[in-house]
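Participant: how would this look folded up:
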Amino acid sequence: MITFFVCLALLVAAYFIYGRALEKVVGIDASAPVPSETHYDGVDYLPLPKWRIFLIQLLNIAGTGPIFGAILGACYGPVAFVWITLGGILIGAMHDFVAGVISLRNEGRSLPETIGKYLGQNMYRVSMVMIPILMVLVGSVFIVTPSKILASMTDMPYLLWVGIVIVYYFIATIMPVDKIIGKIYPVFGAALIFMALAMFGVVVFGDYEVPELLSLRNEHINAENLPIVPTLFISIACGAISGFHATQSPLMARCVTSEKQCRPVFFGAMISESVIALIWAAVAMAFFGGVEGLNGFMAENGNDAGLAVSHISLTTLGVAGSILALLGVVATPITSGDTAFRSARLIVADMLNIDQKPIFKRLLVSLPLFALGIGIAFIDFDVIWRYFAWSNQTLAVFTLWMIYAWLKRRGSRYGIIAFLPAVIMTYVCSSFVFVSNQFFGMGATPLAYAYGAVVTIVVMVAATLKIKKDVKNGAEI
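Facilitator: The predicted structure follows:
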């Protein structure tokens, strides 16, 4: 269990050490005006208490990724701990924090708007198509996931739960952020925190043994077809780095009351999510008697991470405890689904310059988005999730390059903190296209990795030349 505790300690320490260092890098100014004051509208721009904003951000970004993704990642062995910890600190938390600061200093603008400002009009056009579609895709995925879990926990049929979830999403999307989201998230947050604490207790005090990291070898039952690079980096998305997070940051950038809240809200929420992922990865490996046992269970049950969660919770916590734990699992997709649709509304509204204070204009934007989302929800779930995971990480690539551009425009000496993560994630996503059967299906061959490297070099050169030119021409910060 030494590996687990070392990783946990690193994540906690990073909040105080690396988080504070990043505050200095971006120049946090507690006296600077914030959008909740300068653009107050009582709907999306309005001040909220720090604790409430933190819980909303945590639940916004969590989804099922730090739970289901962590379990799928645990099938690779203790090497998953390394990616959750280092990825969560050096890539994910930095990504979420700086993206949140950038939105805050750009009037709480949506991610496509800031990508366009710092990476140019071509990237703006791509992101204006890609990101709203991804938001609707996320919302659709999180119509299906909680509905299935709730149907398995109750006697109510799946389609009825689908209807209930859709109605809730629609109300939460169009109502002022403090009316539904601001009030119900603390309840869901309590369930999520209980779940994490309960599973931590299982790891520490249960009669289980968490495997130690002795090497970086791939222990997945299908290791030949699912190499660590890049597949592990795609499987454990939200627990380490997720492009979806940067689409959620503008929601809270419109509610913070001081720049000093950025570290606890954006950096802190991501670190918390990595802790949750670390706990679930450890529980999954320990509960089934090791990585081999976990792989056996997943193979026998169609890689159903939800079934693993249910089995672990019921066995370790009993009926009452498992119900509370499963409520935490239900809370995460629901609270990401509603804000995914809310983000899509804000992005489209920003793009078309539609004032969102009048409710009929919110309805005007929201109705087509929900019509599309409901249609997607009835497509094969496996197909939806398969491409969501890759597109989610690809969006993180866009955001990381944007962060690098922003730092360079500020004249920061610390552009390397975004440059290296941007290069790493560019390689992960580009090599996945050639390795995975979802795309070219070349497998883990030298040629596939070489193609990924070529794409990465092209993107890196193009991005750095564009950014260098903008800096030379004195582009706006």
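Participant: Ends of stretch 349-364, what's the gap?
Facilitator: Stretch 349-364 has an end-to-end distance of 10 Å (Cα to Cα, to the nearest Å).
Participant: from the chain's centre, how far out does that stretch sit?
Facilitator: Its chain's C-alpha centre and that of stretch 349-364 lie 26 Å apart, by Cα atoms, centre = their mean, to the nearest Å.
Participant: Just the buried positions in that stretch, please.
Facilitator: Going by neighbour count (16 or more other Cβ atoms under 10 Å), the buried part of stretch 349-364 is 349-351, 356, 362, 364. (C-beta placed from N, C-alpha, C; glycine too.)
Participant: and which of the residues you listed is nearest to residue 455?
Facilitator: residue 351 (28.2 Å; Cβ to Cβ).
Participant: Quick check, the closest one in contact with residue 128.
Facilitator: Yes - applying Cβ atoms under 8 Å, one finds residue 351 in contact with residue 128, separated by 5.7 Å.
Participant: in what helix or strand does residue 467 lie?
Facilitator: helix 446-472 (DSSP states H and E).
Participant: From the contact counts, what lies against that helix?
Facilitator: helix 111-119, helix 381-409, helix 416-435 (3 or more Cβ pairs under 8 Å, 6 or more residues apart in numbering; DSSP states H and E).
Participant: taking those helices together, which one is wrapped up most tightly?
Facilitator: Highest mean neighbour count among the helices and strands packed on helix 446-472 (mean count of other Cβ atoms under 10 Å): helix 111-119, with a mean of 24.
Participant: Check which helices and strands the following helix or strand past that one is in contact with.
Facilitator: Going down the chain from helix 111-119, the next helix or strand is helix 121-153, by DSSP H and E. Counting contacts by 3+ Cβ pairs under 8 Å, 6+ apart, helix 121-153 packs against helix 111-119, helix 158-174, helix 243-253, helix 305-352, helix 359-377, helix 381-409.
Participant: In TSV, list those along with distance to residue 64.
Facilitator: What follows is those, written out as TSV (distance: least, Cβ to Cβ, whole Å):
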stretch	distance to residue 64
helix 111-119	21
helix 158-174	14
helix 243-253	12
helix 305-352	5
helix 359-377	15
helix 381-409	9
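Participant: Quick check: end-to-end length of stretch 342-362?
Facilitator: First-to-last residue span, stretch 342-362, Cα to Cα: 10 Å.
Participant: ditto for stretch 250-258
Facilitator: 14 Å.
Participant: Could I get the buried residue list for that stretch?
Facilitator: In stretch 250-258, counting by 16+ other Cβ under 10 Å, buried: 250-256, 258.
Participant: what's in contact with it?
Facilitator: Identification of contacts with stretch 250-258 by Cβ atoms under 8 Å, 6 or more residues apart in numbering yields 30, 34-37, 39, 44-48, 50, 53, 56-57, 60, 100, 103-104, 108-111, 177, 262, 265-266, 339, 342-343, 346.
Participant: Equivalent analysis for stretch 354-371, please.
Facilitator: 41-44, 132, 135-136, 139, 166, 169-170, 173-174, 341, 344-346, 348-349, 352.
Participant: Same question for stretch 410-418.
Facilitator: 22, 25, 27, 90, 94, 98, 400-401, 403-404, 407-408, 477.
Participant: how about those residues in a markdown table, adding distance to residue 457 and pLDDT?
Facilitator: Below are the contacts of stretch 410-418 laid out as a markdown table (distance: Cβ to Cβ, whole Å; pLDDT from 0 to 100):
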| residue | distance to residue 457 | pLDDT |
| --- | --- | --- |
| 22 | 28 | 98 |
| 25 | 27 | 97 |
| 27 | 32 | 97 |
| 90 | 22 | 98 |
| 94 | 23 | 98 |
| 98 | 24 | 98 |
| 400 | 16 | 98 |
| 401 | 14 | 98 |
| 403 | 20 | 98 |
| 404 | 16 | 98 |
| 407 | 21 | 97 |
| 408 | 19 | 96 |
| 477 | 28 | 82 |
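Participant: wait, which of those residues is closest to residue 429?
Facilitator: For the contacts of stretch 410-418, the nearest to residue 429 is residue 400 (10.7 Å; Cβ to Cβ).
Participant: which residues does the closest one contact?
Facilitator: 91, 95, 418, 421-422, 425.
Participant: Distance check, the nearest residue to it once chain neighbours are set aside against residue 243.
Facilitator: The shortest distance from residue 400 to any non-neighbouring residue, by Cβ to Cβ, 6 or more residues apart in numbering, is to residue 422 (3.8 Å). Separation of residue 422 from residue 243 (Cβ to Cβ, to the nearest Å) stands at 12 Å.
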